[in-house]
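> Mind folding the following:
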Amino acid sequence: MIHASMRTSISVILLRASLLWFVTTGAAFGASGQLRAQGAEFVLQLEDGRILKRDALVGLKLVLAGETGGTEIRIDAVDEDAGAVGGPIPLYRLSLVHPADPASADFCRPDAYGRRAGFPLSDGAGGFRLTCTSGAEGKCVLMGYRPWEDTEDIPMKDLHRACVHMLRADYGGDDHPSTRNGTVIDIYDRFGIQKAERVGGMRFEAAWGRDGALCVAHPRIAENISLEDIGRRYPALAGFLGPASCDEDAMKAEPRALLFNRSPAPLP
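You can find the predicted model right below:
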């Protein structure tokens, strides 16, 4: 079971080489080097050949140039989610610091466990983005959908994309979420990474692919969007709405369907 979440304004920041440099404090870091994302882990390679990770990076500051006016993101502490599906994931306590304001603020909002933590994910173009465990991207990684482990047999990149759409109830895959924070949903996939829990009071909601829903049996939050709204907004889904047109067993035979979910049954 997982709590669905909307995207928050600070859950993801994209960092590219043209927008980022780092400020170091103390002699441990050296003068310069290259910071990259390796999986969900920061790796700093210094010019003298040293490679720093985890606790060795506490105190490191990432400085965002451009419109942000030199806002810094500082690594304050490093922990680990040892129970993450697929193996431990490092968790970084991050804070935002602006030169004009001496006070700092947490970069991440608290997740369901009270953690204010995040980690980097490679953007595939030489940079990385920061995501939080309270956001959909971070939750999907902790659930086992690790885009850096993409293989021919298990398309992790597509699974991660499908998971993000699913958590947000972003049926059209166009970044228009319709879920409600705290809504409990049951998630499973065709690869056995997540398995159905068959909790009472839940019904099949939708089947999901890399670009959004493939069919929708019922909307997760009817007050936010109706089947009629979905059909009007996304014509490609118009013929795949409602329980008669979105059958759970039938969708398991659809190769594009990577993820499936159940959510609280709609009120009669």
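
> for the helix or strand Arg232 falls within, packing partners?
If you go by DSSP states H and E, Arg232 is part of helix 227-233. Counting contacts by 3 or more Cβ pairs under 8 Å, 6 or more residues apart in numbering; DSSP states H and E, helix 227-233 is packed against no other helix or strand. No exception for glycine: its C-beta is placed from N, CA and C like everyone else's.

> Same question for the helix or strand that that helix is followed by: list its buried residues.
Going down the chain from helix 227-233, the next helix or strand is helix 248-252, by DSSP H and E. In terms of neighbour count (16 or more other Cβ atoms under 10 Å), helix 248-252 has its buried residues at 248, 251.

> Stretch 88-99 too?
89-97.

> Show me those that map onto strands.
89-97 (DSSP state E).

> List just the nearest of those to Ala217.
Lowest distance from Ala217 to those (Cβ to Cβ) belongs to Ile89, with 32.3 Å.

> Can you give me every residue that contacts the closest one?
40, 80-81, 119, 141-142 (Cβ atoms under 8 Å, 6 or more residues apart in numbering).

> try Gly242
216-218, 227.

> For the residues you listed, work out which two are farthest apart.
Checking the contacts of Gly242 with Cβ to Cβ, the most distant pair is Ala217 and Leu227, at 8.9 Å.

> Show the pLDDT at Ser9.
If you check Ser9, the pLDDT there is 28.

> any residues touching the helix holding Arg232, and which ones?
Here helix 227-233 has contacts from 171-172, 176, 216, 218-219, 237-238, 241-242, using Cβ under 8 Å, 6+ apart.

> Return the closest of those with respect to Lys53.
His176 (37.5 Å).

> on that earlier part again, with pLDDT and distance to Ile185 as extra columns, can I get the contacts of helix 227-233 in TSV?
Putting the contacts of helix 227-233 into TSV (pLDDT from 0 to 100; distance: Cβ to Cβ, whole Å) gives the following:
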residue	pLDDT	distance to Ile185
Tyr171	98	14
Gly172	97	18
His176	96	18
Val216	98	13
His218	97	12
Pro219	97	12
Leu237	97	19
Ala238	95	24
Leu241	98	19
Gly242	97	19
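
> OK, contacts around His53?
Check again: residue 53 is Lys, not His. Neighbouring residues of Lys53 by Cβ under 8 Å, 6+ apart: 41-44.

> Which of these fall within strands?
Per DSSP E, these map to strands at 41-44.

> Which ChimeraX command selects the buried ones in those residues?
To isolate in ChimeraX the members of the ones in strands among the contacts of Lys53 that are buried, counting by 16+ other Cβ under 10 Å, one can use:
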select :41,42,43,44
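
> which one of the ones in strands among the contacts of Lys53 is nearest Arg198?
Using Cβ to Cβ, these come closest to Arg198 at Glu41, 35.1 Å.

> Return the set of residues that bridge with the residue lying closest to the closest one once chain neighbours are set aside.
Of all residues not flanking Glu41 in the chain, Pro90 sits nearest, at 5.0 Å (Cβ to Cβ, 6 or more residues apart in numbering). Beta bridges link Pro90 to Glu80 when assigned by DSSP bridges.

> Likewise for Phe128?
Judged by DSSP bridges, the bridge partners of Phe128 are Leu15, Ser122.

> I figured it was touching Phe119, is that so?
No: look at Phe128 against Phe119 with Cβ atoms under 8 Å: they stay out of range, at 9.5 Å.

> what about the two, which has more around it?
Phe119 (26 against 23; other Cβ atoms under 10 Å).

> just to revisit the earlier point, wait, which of the contacts of Lys53 is closest to Pro266?
Using Cβ to Cβ, Glu41 comes nearest to Pro266 of the contacts of Lys53, at 41.6 Å.

> Only C-alpha atoms, please: export stretch 149-164 in CSV.
Provided in CSV are the C-alpha atoms of stretch 149-164 (Å, rounded to 0.1, in the frame of the first residue of the first chain):
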residue,chain,number,x,y,z
GLU,A,149,18.7,-0.2,-13.7
ASP,A,150,16.9,-0.3,-17.0
THR,A,151,17.2,-3.6,-18.9
GLU,A,152,15.7,-5.3,-21.9
ASP,A,153,13.8,-7.7,-19.6
ILE,A,154,12.6,-5.1,-17.1
PRO,A,155,12.1,-1.6,-18.6
MET,A,156,12.8,0.3,-15.4
LYS,A,157,12.8,3.8,-17.0
ASP,A,158,9.3,3.2,-18.4
LEU,A,159,8.2,1.6,-15.1
HIS,A,160,9.4,4.7,-13.2
ARG,A,161,7.5,7.0,-15.6
ALA,A,162,4.4,4.9,-15.3
CYS,A,163,4.6,4.9,-11.5
VAL,A,164,4.9,8.7,-11.3
